[in-house]
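*Asks:* Take this sequence and fold it.
(4 chains)
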Number of protein chains: 2
Amino acid sequence: MEFRQLKTFRVVADNLSFTKAAEQIFMAQSSVSAQIKKLEDELEIKLFDRIGRRVLLTAAGCKLYEYARRMEEMSLEIHSEISDSRYSRGNLTIRVPETLAFVYMPQIVDRFHETCSGSKPSTSIIAM
Amino acid sequence: MEFRQLKTFRVVADNLSFTKAAEQIFMAQSSVSAQIKKLEDELEIKLFDRIGRRVLLTAAGCKLYEYARRMEEMSLEIHSEISDSRYSRGNLTIRVPETLAFVYMPQIVDRFHETCSGSKPSTSIIAM
DNA sequence: TAAAAATACTCCATAGGTATTTTAT
DNA sequence: ATAAAATACCTATGGAGTATTTTTA
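*Replies:* Residues are numbered from 1 along each chain as shown, chains lettered A, B, ... in the order given. Predicted coordinates:
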């Protein structure tokens, strides 16, 4: 199961149409069919009922739809959070006497990194 | 960004080692490097500091780690929820006089499907 | 007969592997 | 000298497209 497939699935579900979904995400209709098929094969359950030319979500499909939405949201969240300026790199210049640096810097770097779970490293204050 | 990459990332983060991660998930070390590189390229930010032969999470990496965990959990949840017996298909046999079926069945099927947002379709009661 | 999904097939992008190089201990 | 990550290069899988068939409304 990959993001790509979940997105395709979500679009098909929104349109209740493989063809329209294909147009929206600029793919061939057959490729959309293939992706949905792969998902269904992996989850071992039908996601859509193809009744004649009508497409309807199955119960499993409905459930998956909720997850697909949440996943997409998280994906966006990641992209915006991560590229947030807080995490965008800058430069940190440290000047220390060479002998001290040799002995203490490795530990200092370690401590600095340890702080990274839960707080902004760029504002951490480290005391030895 | 794909699930596969996030998982690889998570394992590297858990081990703070590309080599160990590669062993754990049965991949070549170079492939692990490549996946991480792709992630870093896409997010346009370094996820690990490679200081000598030490690997440490950057601030961005720490943030992503949380998301990666949640994503994996959701992925598992999907697999178990979806393959849950409630959604596993069974057989439903309906016998109706042919004339009635022709006229009403399509609508009945529609109503049945409409119920799928929020409740168990298999226990829905549909009255016309 | 028209419109939509499935299928058969082809092709190419890329994920992953092997081998090697680089780098730091 | 060793251990780990990066890099170069190659191969093969599978994802996406085109064309066609099937189906039903």
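*Asks:* Tell me which helix or strand in chain A has the weakest average pLDDT.
*Replies:* Every helix and strand of chain A was ranked by mean pLDDT, DSSP states H and E. The lowest is helix A:98-114, at a mean of 58.
*Asks:* check whether the helix or strand hosting residue A:81 contacts DNA strand C.
*Replies:* Using DSSP states H and E, residue A:81 falls within helix A:59-82. No - residues of helix A:59-82 are not located near DNA strand C by CB under 7 Å from any atom of the strand, the shortest gap being 12.3 Å. For glycine as for every other residue, the C-beta is placed from the backbone atoms N, C-alpha and C.
*Asks:* List the buried residues of that helix.
*Replies:* A:59-65, A:67-68, A:71, A:74-75, A:78, A:81-82 (16 or more other CB atoms under 10 Å in any protein chain shown).
*Asks:* got a list of what residue A:25 touches?
*Replies:* A:7, A:8, A:11, A:32 (CB atoms under 8 Å, 6 or more residues apart in numbering or on different chains).
*Asks:* How about residue A:1?
*Replies:* Residues A:39, A:42, A:43, B:3, B:75, B:78, B:79 are the ones in contact with residue A:1 under the rule CB under 8 Å, 6+ apart.
*Asks:* sorry, back to before: return the angle between stretch directions for the helix holding residue A:81 and helix B:59-82.
*Replies:* Using axes from the mean of the first three to the mean of the last three CA atoms, to 10 degrees, one finds that helix A:59-82 and helix B:59-82 are set 180 degrees apart in direction.
*Asks:* which helices and strands sit right next to helix A:59-82?
*Replies:* helix A:3-15, helix B:29-43, helix B:59-82 (3 or more CB pairs under 8 Å, 6 or more residues apart in numbering or on different chains; DSSP states H and E).
*Asks:* Could you list the buried residues of the shortest one?
*Replies:* It refers to helix A:3-15. By neighbour count with 16+ other CB under 10 Å, helix A:3-15 contains the buried residues A:3, A:5, A:6, A:7, A:8, A:9, A:10, A:11, A:12, A:13.
*Asks:* SS state for residue A:50?
*Replies:* The three-state label for residue A:50, taken from DSSP: H, G, I helix; E, B strand; the rest coil, comes out as strand.
*Asks:* What of residue A:84?
*Replies:* Under the three-state scheme (three-state DSSP), the conformation of residue A:84 reads as coil.
*Asks:* Check the gap between it and residue B:67 for me.
*Replies:* In this structure, residue A:84 and residue B:67 are 13 Å apart, going by CB to CB, to the nearest Å.
*Asks:* ditto for residue A:61
*Replies:* When CB to CB is the yardstick, residue A:61 and residue B:67 sit 25 Å from each other.
*Asks:* Please apply the same query to residue A:49.
*Replies:* Using CB to CB, one gets 34 Å for the distance from residue A:49 to residue B:67.
*Asks:* what residues are up against residue A:43?
*Replies:* Residue A:43 is in contact with A:1, A:60, A:64, B:78, B:79, B:82, B:83, counting by CB under 8 Å, 6+ apart.
*Asks:* and if we set it to 7 Å?
*Replies:* Contact analysis of residue A:43 by CB atoms under 7 Å, 6 or more residues apart in numbering or on different chains lists B:79, B:82, B:83.
*Asks:* Could you check the pLDDT of the nearest residue to residue A:65 once chain neighbours are set aside?
*Replies:* Once its chain neighbours are removed from consideration, residue A:65 has its nearest residue in residue A:13; the separation is 5.1 Å (CB to CB, 6 or more residues apart in numbering or on different chains). Among the per-residue scores, residue A:13 holds a pLDDT of 97.
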